[in-house]
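Undergrad: I'll drop the sequence and a predicted model, then ask my questions.
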Amino acid sequence: MSVQLNHTIIHARDKHRTARHYVDLLGLPEPTEFGPFVVVQVDNGVSLDIADDHGTPHPQHYAFLVSEDEFDQIFARIRERGIQYWADPFHSQPDNINHNDGGRGLYWEDPDGHNLEIITRPYGSGAGS
C-alpha cells in the first residue's frame, strides 16, 4: 500500500461557516458531519475535517491543485464575492495571480485566516515562474 494523505483537521471559529466557504468557493459537494467535525471531501479522496476551535485558530496553509476550468470558476467566485487575493503566499502582490511552472495560481484567506491557494500546475512541474 502506498502512503496517502487521508484527512487533515482545520480549526475554525465556526466550523459550519468555514465548511461553507470551502464548498462554495471550490465547488465541492455538500459537507457531512462526523463526530465533532464538519467534513468537506475533495476529489482525490482527502477530506478536510473542520473542527470548532475554542480560541483563535492558528493560521495554516492549504493548497489545492485544480484544472484550468476549475481555476476560472473559483477565481470568478472569489472576485464576485470581493475576496482579497494575492499572487504570492506573503500577500505582497495584491489583485494578481502568478504563472508559476507555466500554470496559474493565487492565494486568499478563509474566514479564520488560513492561507488558501489554488494552482493549476504542481510545483516543479514546468518552466520557471
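TA: That came through, no problem. These figures come from a predicted structure and were not determined experimentally.
Undergrad: Okay, strands next: where are they in the chain?
TA: With DSSP state E as the criterion, the chain has strands at 7-12, 32-34, 37-41, 47-52, 61-65, 105-109, 115-119.
Undergrad: Now do the contacts for Leu25.
TA: 74, 77-78, 81, 83 (CB atoms under 8 Å, 6 or more residues apart in numbering). The way it works is simple: take the backbone N, C-alpha and C, and place the C-beta from them, glycine included.
Undergrad: for Phe75, same thing?
TA: Shown in contact with Phe75 (CB under 8 Å, 6+ apart): 85, 97, 106, 118.
Undergrad: pLDDT score for the spatially most central residue of the chain?
TA: Most central in the chain under CA atoms, centre = their mean is Leu116, positioned 4.1 Å from the mean C-alpha point. The model reports Leu116 with a pLDDT of 98.
Undergrad: which residues touch the closest residue in space to Leu48 that isn't next to it in sequence?
TA: With CB to CB, 6 or more residues apart in numbering as the measure, Val40 is the residue that lies nearest to Leu48, at 4.3 Å, once sequence neighbours are left out. By CB under 8 Å, 6+ apart, the contact list for Val40 reads 19, 22-23, 28, 31, 47-48, 50.
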